[in-house]
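[1] Pasting the sequence and the predicted coordinates here, then a few questions.
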2 protein chains.
Amino acid sequence: MNLLDSHDTIRAVVYTGETLRLLDQRRLPFEEIHLDCHSAVDVAEAIRNLVVRGAPAIGIAAAWGVVLEARNLAAAGQAVSAQTLEPVLAHLNAARPTAVNLAWALARMRGVLVRAPQDTVMALTTEAQSIQDEDLAANRRMGQLGAGLISAGSGVLTHCNTGSLATAGFGTALGVIRAGVAAGKIAQVYAGETRPWLQGARLTMWELARDRIPAKLIADSAAAHLMKSGAVQWVIVGADRVAANGDTANKIGTYQLAIAARHHGVKFMVVAPASTVDMATLDGSHIEIELRDATELLSVAGKRTVIEGAEAWNPVFDITPASLIDALVTECGVIEQPDARCMREVFSLASHAPT
Amino acid sequence: MNLLDSHDTIRAVVYTGETLRLLDQRRLPFEEIHLDCHSAVDVAEAIRNLVVRGAPAIGIAAAWGVVLEARNLAAAGQAVSAQTLEPVLAHLNAARPTAVNLAWALARMRGVLVRAPQDTVMALTTEAQSIQDEDLAANRRMGQLGAGLISAGSGVLTHCNTGSLATAGFGTALGVIRAGVAAGKIAQVYAGETRPWLQGARLTMWELARDRIPAKLIADSAAAHLMKSGAVQWVIVGADRVAANGDTANKIGTYQLAIAARHHGVKFMVVAPASTVDMATLDGSHIEIELRDATELLSVAGKRTVIEGAEAWNPVFDITPASLIDALVTECGVIEQPDARCMREVFSLASHAPT
């Protein structure tokens, strides 16, 4: 696995034993600055302000936020219990609405509290570490599974950032790309810049350069023209929430890519850990789409680009219907042409409902 | 026409009698700075550097560039003829490759030289003024025709900038929008920001605000999500070159919008003067797509956003096949579902071949 490891050098969410140290993704790629969170409130703010982003990374950070708060309560001589931590769980859960991993990770932490172990802080720490370790292992497994679908010499297009920065490490869609490059399956990666926050331009291009993976940036609107040229065989994206029928919420623009891919006969792969699957949500129409402030669109990289007084519509996720997805890759396996029936066969409601 | 006139207050290309005064579109929307061109070389540079952009505006500017050069020759006591001006015509023609209006306008100016009139400078000035006046008249006519296709209370999405800034005035797609708003047909305009150069964000939002037309900016990749919401009934775009079968070259992203529109049953309208129709080009596969420097994608509004050493692929136009176009609006009339046969019926080869 040496080649794979050389393509996986970044860790953005690190528990130091005292603080949660986050690589500030707002400052990348030109400044690598770490922020130390000392409390759950710090972590919730970091999630809301996009210091940390990416569905799995948000869930992991929130789990560590609960640990920080439990330590603070214990240090102040207060009880560490489901009752005293419930407001903190609710506060963290409200930080962002679309990614289900946040609610899922907090449900796991709540589960520890409900069991009321002898050393609650230790038990919460162990659970947070498990969530993080399992995510990394899931990503490695998904990398193998996803790369197995790709023919040698392929070109692939990805969207947003789904790499080490968005997860415990290695990445979901970018993990498949890392594995596919290491296996000689992928000859060229294209990354959409992903307006408005430019995760593709700022973060994915940085990760790929760090790990020496050949990549070209494109404007989001150049994707169909790229597909028509024959340069890409797969579009590979992550997910923020996968509904029980396979409908997938992901970064705004994903749906448009899926439509263009189908139009050109390009295959469309969604890569997400089972923690992103929400069997309690029937289909995509029940997923809340986060609308963020118009200023994210009216400025670029901090510089105002649009006349004062202008309005903007800024949904930051969209729903790709299962019918446009050729393969859903989780650590549980590959589901081709996902639908409610085969989703039920792989994911039981009980084990994956967020709360 | 008072209501229409109040929606049409901007002129970006003005011949002063001494110079060609261009509103510098690189500096909008925050600075309204005019540059004076004194020669054809100045004009070619302004076209190449996007001081002036938009297919019709490029053609008009180039025509005035020939006039400037003819005046300079005459002032220096040199002959003003097809022979002495041919290098200037070639230099202007090479400034940008995709928009056919450039070659078309220069062919008209060459036609004047071939006729060898008594006062060549005067004849060239008259021809340039005709090209400009005819463009404005065509835009007014297309506005009427295009607005006639739209039902009352519609929402429309446009791309890039196709307004007064891109033409002699009023605009092509934005002219239809101006006319549609004035006629009470259009209730809401959405503008895609149009990466990498942000013509939608910087220019279209500025034009619409100046003319008090209600508009919302969206990320280019939010278009399919917008269509799914039911908020838009038409996508209305301009063109840089329309081939003999109706295939249309336009700003990168247009093709992706056309695919998404068809997927949602949203209608797709191309608005372009007859000078944009190139009956000498069989279909879209024969249109040269301009690739611009990667730095346009690696920086935003002059600020670097991507790690050093990164590569980018930056085609700035794409081809929308005629099969995805519901209506092609020119000043000659509306062609629904354009194809080679009905294009031939409206446009003869002789009258529209660029050279």
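    Right, received. Where do you want to start?

[2] Quick one: name the residues of the stretch 151-300 of chain A near chain B.
    A:190, A:192-196, A:198, A:201-202, A:205-206, A:209, A:215-226, A:228, A:252-253, A:255-257, A:259-260, A:263, A:294, A:297-298, A:300 (CB under 8 Å from any CB of the partner chain). Placement of C-beta: from N, CA and C, glycine included.

[3] Swap in 6 Å and give it another go.
    Residues of the stretch 151-300 of chain A that fall close to chain B, judged by CB under 6 Å from any CB of the partner chain: A:195-196, A:198, A:201-202, A:205-206, A:209, A:216-222, A:224-225, A:252-253, A:255-256, A:259-260, A:263, A:297, A:300.

[4] Can you tell me which helices and strands the longest helix seen in chain A packs against?
    Identified as the longest helix of chain A according to DSSP state H is helix A:120-147. If you count contacts as 3 or more CB pairs under 6 Å, 6 or more residues apart in numbering or on different chains; DSSP states H and E, helix A:120-147 packs onto helix A:55-75, helix A:100-115, helix A:173-182, strand A:327-330.

[5] Quick one: mean pLDDT for the following helix or strand past the last one?
    Counting by DSSP states H and E, the element after strand A:327-330 in chain order, helix or strand, is strand A:333-336. Averaging the model's pLDDT scores along strand A:333-336 yields 97.

[6] which residues touch strand A:333-336?
    With contact meaning CB atoms under 6 Å, 6 or more residues apart in numbering or on different chains, strand A:333-336 is reached by A:Leu145, A:Ala327, A:Leu328, A:Cys342.

[7] Buried residues of the longest helix of chain A, list them for me.
    Buried residues in helix A:120-147, counted by 16 or more other CB atoms under 10 Å in any protein chain shown: A:120, A:123-125, A:127-128, A:131-132, A:134-136, A:138-147.

[8] Other residues contacting the helix or strand containing A:Ile319?
    Assigned by DSSP H and E, A:Ile319 belongs to strand A:317-320. By CB under 6 Å, 6+ apart, the residues outside strand A:317-320 that reach it are A:98, A:240, A:247-249, A:252, A:254-255, A:258, A:284, A:289-290, B:225.

[9] hey, where'd the helices end up in chain A?
    A:2-6, A:40-48, A:55-75, A:82-93, A:100-115, A:120-147, A:173-182, A:205-210, A:223-228, A:254-264, A:295-298, A:340-346, A:349-352.

[10] Including mean pLDDT, could the ones you listed go into JSON lines?
    Below are the helices of chain A laid out as JSON lines (pLDDT from 0 to 100):
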{"stretch": "helix A:2-6", "mean pLDDT": "54"}
{"stretch": "helix A:40-48", "mean pLDDT": "97"}
{"stretch": "helix A:55-75", "mean pLDDT": "97"}
{"stretch": "helix A:82-93", "mean pLDDT": "96"}
{"stretch": "helix A:100-115", "mean pLDDT": "96"}
{"stretch": "helix A:120-147", "mean pLDDT": "97"}
{"stretch": "helix A:173-182", "mean pLDDT": "97"}
{"stretch": "helix A:205-210", "mean pLDDT": "95"}
{"stretch": "helix A:223-228", "mean pLDDT": "98"}
{"stretch": "helix A:254-264", "mean pLDDT": "98"}
{"stretch": "helix A:295-298", "mean pLDDT": "92"}
{"stretch": "helix A:340-346", "mean pLDDT": "95"}
{"stretch": "helix A:349-352", "mean pLDDT": "50"}
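
[11] just those helices: most buried one?
    Per residue and on average, the most neighbours among the helices of chain A fall to helix A:173-182, with a mean of 30 (mean count of other CB atoms under 10 Å in any protein chain shown).

[12] residues near the closest residue to A:Ala327 other than its chain neighbours, how many?
    Closest residue to A:Ala327 apart from its sequence neighbours, by CB to CB, 6 or more residues apart in numbering or on different chains: A:Met269 at 4.7 Å. For A:Met269, the neighbour count with other CB atoms under 10 Å in any protein chain shown is 23.

[13] mind listing what A:Met269 touches?
    A:Met269 neighbours (CB under 6 Å, 6+ apart): A:Trp234, A:Ile236, A:Ala327.

[14] what's the burial count for the last one?
    What it means is A:Ala327. Neighbour number of A:Ala327 under other CB under 10 Å is 20.

[15] residue contacts, it?
    A:Leu149, A:Met269, A:Val334, A:Glu336 are the contacts of A:Ala327 under CB under 6 Å, 6+ apart.

[16] Pick the one among the residues you listed closest to B:Val346.
    Nearest to B:Val346 among the contacts of A:Ala327, counting by CB to CB, is A:Met269 at 44.7 Å.

[17] Let me see the ranges of the strands in the stretch 151-300 of chain A.
    A:154-158, A:186-192, A:215-218, A:234-237, A:241-243, A:248-251, A:267-271, A:277-278, A:299-300 (DSSP state E, counting those that start in this stretch).

[18] Could you tell me the least trusted of these?
    Among the strands of the stretch 151-300 of chain A, strand A:299-300 scores lowest, with a mean of 84.

[19] Pairing partners for that strand, with directions?
    Sheet pairing of strand A:299-300 (DSSP bridges) gives strand A:303-304 (antiparallel).

[20] who touches the strand it pairs with?
    Contacts with strand A:303-304, where a contact means CB under 6 Å, 6+ apart, come from B:Ala301, B:Lys303.

[21] State the mean pLDDT of that strand.
    86.

[22] Put the alpha carbons of stretch A:287-295 into CSV.
    These are the backbone C-alpha positions of stretch A:287-295, laid out as CSV (Å, rounded to 0.1, in the frame of the first residue of the first chain):
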residue,chain,number,x,y,z
ILE,A,287,-34.1,16.6,2.4
GLU,A,288,-33.6,20.2,3.6
ILE,A,289,-31.4,22.2,1.2
GLU,A,290,-29.2,24.8,3.0
LEU,A,291,-29.6,28.3,1.6
ARG,A,292,-26.5,30.3,2.5
ASP,A,293,-26.0,34.1,2.5
ALA,A,294,-26.1,35.9,-0.9
THR,A,295,-22.8,37.5,-0.1
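
[23] where does the stretch 1-150 of chain A come near chain B, residue by residue?
    Counting by CB under 6 Å from any CB, the stretch 1-150 of chain A sits next to chain B at A:Pro29.

[24] What residue in the stretch 1-150 of chain A comes nearest to chain B?
    Residue nearest to chain B within the stretch 1-150 of chain A: A:Pro29 (4.3 Å; CB to the nearest CB).

[25] okay, how far is it across stretch A:222-239, tip to tip?
    22 Å (CA to CA, to the nearest Å).

[26] ok, residues contacting it?
    A:154-159, A:162, A:172-173, A:176, A:248, A:250, A:254, A:257, A:260-261, A:264, A:266-272, A:276, B:252, B:255-256, B:259, B:315, B:318.
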